[in-house]
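attaching a predicted model along with its sequence, questions to come.
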Amino acid sequence: MESLERVLMEQPFFTPLDSAHRAALTRYAEPAQFPPGAYLLHENAPEDRFYLLQQGRLALQVHVPGCGARRVQTLQPGEIVGLSWLIRPYRSSYDAQAFEPIRAIAFDAARLRALCGADHDFGYELMQCFMPVLLQRLQAARLQLLDVYGTLL
Amino acid sequence: MQAYPGLYPVAPPQSAGPEPLMTSALAPPQVLTHAGFDALLAELKRSGHRLLGPIVRDDVVVYDDIESTADLPRGWTDVQDGGHYRLQRRGDDALFGYAVSAQSWKPFLHPPGQRLWSARMRGDAVQIQPEPPPSERMAFVGARACELHAIALMDRALLGTGPGDPYYRARRAQVFIIAVNCSVAGGTCFCDSMHAGPQVTAGFDLALTELSDQSPPVFLVHSGTTAGSAVLAAVPSAPANAAQIAAEQTILAHTRASMGRKISSTNLHDLLLGNLQHPSWTEVGERCLACGNCTMVCPTCMCTSVADVSDLSGERISRSRRWDSCYTSEFSYLHGGSVRHSTAARYRQWLTHKLATWHDQYGSSGCVGCGRCITWCPVGIDLTEQVRAIAAPPAG
Amino acid sequence: MARKTIKVDSLARVEGDGGLQVLMRDGALESAQLRIFEPPRFFEALLRGRHFSEAPDITARICGICPVAYQMSAIHAMENALGVQIDGAVRELRRLLYCGEWISSHVLHIVMLHAPDFLGCQSAIELAREHAPLLQQGLELKKVGNQIVAVLAGRAIHPINVRIGGFYRVPTKNEVRELRAPVTAAREAALELVRWSATLPYPDFERDYTFVALRHPQEYPLNSGRIVSNRGLDITADEYESCFEECQVHHSSALHCHLDGATYLTGPLARYTLNSDRLSPIAREAAASAGLGPVCRNPYRSIMVRCIEVLYACDEALRIITAYEPPPRCTVPLEPRAARACAATEAPRGLLYHRYTLDGDGIIQAARIVAPTSQNQGSIEADLAEFLRGHLSLPQFELRQHCEHLVRNHDPCISCAAHFLKLEVLSR
Amino acid sequence: MALSSEDSGTRLASAAMVPRIGRILRRHRDAPGVWTVEIGETDPGVVPCAAGQFNMLTAFGIGEVPISLSGDPRDGTRLIHTVRAVGAVSRALAKLPQGAPIGIRGPFGTGWPMHAARGHDVLLLAGGLGLAPLRPVIYQLLAERPRYGRIMLLYGTRSPAEVLFMHQLEAWRRHLELDIEITVDHAGAGWHGHVGVVTTLIGRMGLDPVHTLAFVCGPEVMMRFAAAALEAAGLPDTSIHLSLERNMKCAVGVCGHCQLGAAFICRDGPILPYARLRPALAIREL
Amino acid sequence: MRTVTRKSRLAVWKFASCDGCQLTLLDCEDDLLALAATVEIAYFPEAGPMNSGHYDVSLVEGSISTPAALEHIRAIRRRSTHLVAIGACATAGGIQALRNFADAAEFAAAVYPQPEYLRTLATSTPIAEHVPVDFELRGCPIDKQALLEVLAALQAGRQPVLPHHSVCIECKARSSACVMVSRGSACLGPVTQAGCGALCPAYGRGCYGCYGPQEAPNPAALSARLGALGVGAQTMRRLYRTFTAEAAAFRAESERHGA
């Protein structure tokens, strides 16, 4: 547990959390490992865990009938896997599948949600961690929509 | 309001108007009668110059080939306003009694069309024949101060940097200029604001002031170059007297006092570039026809485009350059669309280039205050008004 | 009951979209029809509500081959309505303009449309291969005609400089003088063309036409004159509609023009026959040397008459060019007034009649336009009938060729015709 | 008043307006609609280009367009250009067969600031066809490898099929002298690389913002977002260089077409520091 | 290395029109033989050839104004690699499109005693309203150099070098005086596409818009000025409603000045 806390302390992702809150977070965290091909999240399944990637990459995918799994984004170490646990109905939007051996920290999403409800200061700081990710992913999605490489303008 | 300082490849703005040109050491002025002026034109013709000067054609004063003073717009003057031009009788015999011609000297130095090269294709063999620069000697008769400034600006832009434009260089190299001090200001003139007139200060071979109220009417003549002095020496003239020299200054003072327009030239650069999103651009864009008239008559608008054409057989091909205008959509066309899609953006490009970014590019304003863009705008859009609109705080 | 049909769906080498249908039963001719597929464009309707000054530009669009003719008839009718009379250099310039159109329109027909019939070619393209010098010469001549129109009025097709009362701008002396060399050369080429036309093989085929054309006291008619015939008609344009009527013929919805209930012919043959004494000496001599008498009733020989008219137009153009002095004013002031007026001029294909009714503001209330081809349609069909009666035994292919040639003799301009005629023949 | 006429100047200028004639040595297809042509010049020999410069290429009888150098700037035997066939001229250029003549004027414009990059980490950020003008940079960086710190290439395209120079990128990646990350918007089944726009890669690179120079080339909208992301990663705007594209006709700053504010993109660009471009890029339709 | 290809096949078609645009082809006197040498004129009834088959280039004159034309233009499209609409009728409905603003039946009755024989549509519309058009060559009539340029460009596979900007740019390039500014004449030049060489102003009259609207027309702003010059609503309506009345920008502007 000691080392996990140190790992989390060093993660830039959790910079907005003060040390007490970071220590609280550690209580809901545990190391996890996945072989290539393993699913960390399943589309439409209740999202009761989310992950901070430490090693290895994975893909967010959507299954399209006739086309199989279509990758919409790839994630790599330092990034968060799973945002839907924050928002009702707390179900995953994508499949998250490892395509390299993965080392990650897994968080108990359901209990963290409860903690956010009980401790709004903690909740606010945690939102400060997640909002930039949401915004970046929104930006990226919009750029993808723009099909920017098609034009040279 | 922060103008964007990062985009200036050249020196920052120095002066509001075009840089005043160096006044050459002037010999004492001479006096020339109408007959003497005719002899002077004949002398230029004899020495192989194509004479170009103001004539009346289709109810306007334009520059065209002339033979003698008989072709000049004797006794005519012009009434000019936004989108309005009419010729009127003066009641005297002044040859240069109008304010400013419909088109400048631009077409003679930088013609609307210029072939650059032609080629023959036979299978995989290509033979390119560059178009030789012309070698015509021209004499411009009746160039105004604003026009000399405009020519100096074109010199800077077309010859100043890089290899320059060989066609402009060749034409420009052979021009003899007889300038005329303005005795009237037009309704759309604002050269005084741009420090580009009405007095001719440099860039001429000979400069005239028409003393039309003297009897008989005469011209006061200054030589600006040895070529000018030589031509003047070949025709009969007399030294000017003090009254005549004083009359010249009176005329110029009167002209200065009767400018039809003015523009506040204090830091137009920062004013315009700091207000690129000002609502008045949209408003003027609604009135603007995007017809390009202002750019065509502007004596310093020199943008061009090139196009390659081939004949039916595909064997003869050529590349030609023609005047272009920043009001066309082709001008900023890039992969299926125009960078400047709206008319407002095109107007903004024209005005800010002329009055602001020209400073960054060439060290002075690109406007000489001749007022042609105002007169010849079919709907009378007035750049001096637009500047005022930008300077005013946006309503609401 | 042997029934035979000759059907040409689309006539080649005529201006506009038209066909031909001949029906025969038991070896006898039942009907011979010129069919017109041109969609109607309703000019007379759309002119209503337009300003009188717009009539020359609008009616020019009836026909791209002879826009000047439409402009001329329109301006004369309007000037009659407004009570102005144009003389002097402006009148001469109009005549010069008309000469230009005659030259290009006639040469187009002579060389590119009609000559292939005589030379056994199918098209002008084929002609270019087999008779290159003729085509080349024709193109040169046509170019000069177009050049005259372009110099005077801006462009060869739908010229822009004609206005009621004169011109928007009259050409300078220099501009007109520059036409002199090409028109002189064109006159020589026209003389050559007349000589060439005399060498063509002409079938022995004469018809007793009622000829109708303008006649002027001194001039070979272009812009003005009384409307006369070889059967004693002699009227002003104002009286046109009381003598000529458009009637519905039983076999189609076309309107044919009749004079006193019978068909008649306008155009080169009529003009020439009624006015050969008004030709310039050089044209008269050329006609005589080519063996063309003062009267011509053989429609095949219309090609010769057109060549003579081209020569005349060049000669007349040269006369005007040489004498040209720019008029002091290019137009006269006009005051709109309520009026009804008519005019007829000689389009290359024949008499072109316009009538307008204006209100006090100069707005057109009614318009009536009768094009040459609608007047000639009856005669063309009569030519066909006459010919076929003697040649029904010919093989179908040859019959068809002959019929087309007969139609082309009259240079029908279906584009013009259709704007006033019907468009579709009921098929059986 | 006449200006003195300098004959040699006139000749020189004339020459700038008339293309030299080169020959197509080879051409190959890199991606759908994208072709790389190798051009040989015989007289007076290949005029060397710096990385980032462009030539005006003429398809005779069709027209002339600006195309950046995409080959090795040290190669004195041939010019290599990569063309996307989007208009009549580029289509014609892409179709020119071996041996066909091609007109060349140039090189024109500013190059990438290679000198300034010495001793620094270099981040190359390319979108779509934007890799082509950056390839000369890679050639030069690798040739002078010890002079530079870490070299990174982040490259985004619409789909794996549109990745340019794939084999070469793989070969370079194997050298481990170059961090190459490729990402696509739309991945097919066979794609195992990144998915997402190229800007998403920036944050993952662990940049040393003080010692990194970024060279960005791609569609303008992509460059705007890329520059913002680079700034967010801590790079000063003076360390970010963009390659701009505008309508270019004369290529020598006189025809007026390619102006962006006071800059003539053909002469003062196409490579300009973001510090200069930022205000202009913020204004619509400038 | 370059293979000798067959000549491209050219066809010329006519719908409701005056013939002037196809006549322009025959008016290319100096280039006609060169044209015949480089392309096969496969279908051109007025000049003679009427060969069927597939055409590389179809020049289409005239507007669509009859039910038969509707069918015919589709057939032509199917048989043509490139379809070029030539002239104001084919690109903007032509003068006959004035019927679009009126009661077509009343129009027919005004001209024909038995209009029931007519087989026409109530409207006259440009070709592009019915089939895809590869290039529109404007003008009433088209300019012959422009026609040759389009044919040469199609032959070479390049873009035709033709302007889409205003007439004013051509007008100034030939140093004509602006008739609106110097005489107060109504002129459509600022809103009309160039290509004619600014003919009308060169002859001292205002442009009547026969090339149709320019690429970025602003007729409302022009009308405001014309109104100030004394042009009334009726005249204004007629001004925009002549040879290219059906072109969207002119149509809309004419309708702003009354039905």
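Ah, there it is. Numbering: from 1, shown residues only, chains lettered A, B, ... in the order given.

give me the neighbour count for the residue of the stretch 101-250 of chain E at minimum distance from chain B.
Closest residue of the stretch 101-250 of chain E to chain B, C-beta to the nearest C-beta: residue E:172 (3.3 Å). C-beta: built from backbone N, CA, C; applies to glycine. Residue E:172: 28 surrounding residues under other C-beta atoms under 10 Å in any protein chain shown.

tell me the SS of the residue in the stretch 151-300 of chain B that chain A sits nearest to?
Residue nearest to chain A within the stretch 151-300 of chain B: residue B:276 (19.0 Å; C-beta to the nearest C-beta). Counting by DSSP: H, G, I helix; E, B strand; the rest coil, the backbone at residue B:276 sits in coil.

neighbours of it, how many?
A count of nearby residues for residue B:276, using other C-beta under 10 Å, gives 22.

quick one: it from chain C, how far?
Applying C-beta to the nearest C-beta, to the nearest Å, the value for residue B:276 to chain C is 43 Å.

try residue E:210
Distance, residue E:210 to chain C, by C-beta to the nearest C-beta: 8 Å.

which SS state does that residue fall under?
coil.

which residues touch it?
Shown in contact with residue E:210 (C-beta atoms under 8 Å, 6 or more residues apart in numbering or on different chains): C:158, E:88, E:139-140, E:192, E:196, E:242-244.

any chance of CSV for those residues, columns neighbour count, secondary structure and pLDDT?
Below are these laid out as CSV (neighbours: other C-beta atoms under 10 Å in any protein chain shown; DSSP: H, G, I helix; E, B strand; the rest coil; pLDDT from 0 to 100):
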residue, neighbour count, secondary structure, pLDDT
C:158, 26, coil, 97
E:88, 35, helix, 98
E:139, 26, coil, 97
E:140, 30, coil, 97
E:192, 31, strand, 98
E:196, 27, coil, 97
E:242, 24, coil, 96
E:243, 29, coil, 97
E:244, 31, coil, 97
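
show me the strands in chain A, by range?
A:29-34, A:39-41, A:49-55, A:58-64, A:68-75, A:80-81, A:95-98, A:102-108 (DSSP state E).

so which residue of chain C comes closest to chain B?
residue C:169 (7.8 Å).

next, give phi and psi for residue C:367.
phi -140, psi 150 (degrees, to the nearest 10).

need the contact partners of the lowest-mean-pLDDT helix or strand in chain A.
Across the helices and strands of chain A, mean confidence by mean pLDDT, DSSP states H and E is lowest for helix A:2-10: a mean of 78. The contact list for helix A:2-10 (C-beta under 8 Å, 6+ apart) reads A:14, A:19, A:22-23, A:25-26, A:29-31, A:54, A:105.

returning to that earlier point: between the strands of chain A, which one is closest to residue A:145.
strand A:68-75 (11.6 Å; C-beta to C-beta).

can you name the residues in contact with that closest one?
Contacts for strand A:68-75 (C-beta under 8 Å, 6+ apart): A:53, A:57-64, A:81, A:94-97, A:137, A:140, D:183, D:186-187, D:189, D:191, D:193-196, D:200.

try it again at 7 Å.
Strand A:68-75 has contacts (C-beta atoms under 7 Å, 6 or more residues apart in numbering or on different chains) with A:53, A:57-64, A:81, A:94-95, D:187, D:189, D:191, D:194-196.

for it, buried residues please.
In terms of neighbour count (16 or more other C-beta atoms under 10 Å in any protein chain shown), strand A:68-75 has its buried residues at A:69-75.

stretch B:150-165 now?
B:150-159, B:161-165.

so the residue of the stretch 101-250 of chain E closest to chain B versus residue E:194, what's the distance?
Using C-beta to C-beta, to the nearest Å, one gets 11 Å for the distance from residue E:172 to residue E:194.

tilt between the least confident helix or strand of chain A and strand A:29-34?
Counting by axes from the mean of the first three to the mean of the last three C-alpha atoms, to 10 degrees, helix A:2-10 lies at 90 degrees to strand A:29-34.

tell me the angle of helix A:2-10 relative to strand A:49-55?
Using the same axes, to 10 degrees: helix A:2-10 against strand A:49-55 is 80 degrees.

tell me where the stretch 101-250 of chain D has strands.
Using DSSP state E, counting those that start in this stretch, the strands of the stretch 101-250 of chain D run over residues D:101-108, D:121-127, D:151-157, D:179-184, D:194-195, D:212-217, D:240-243.
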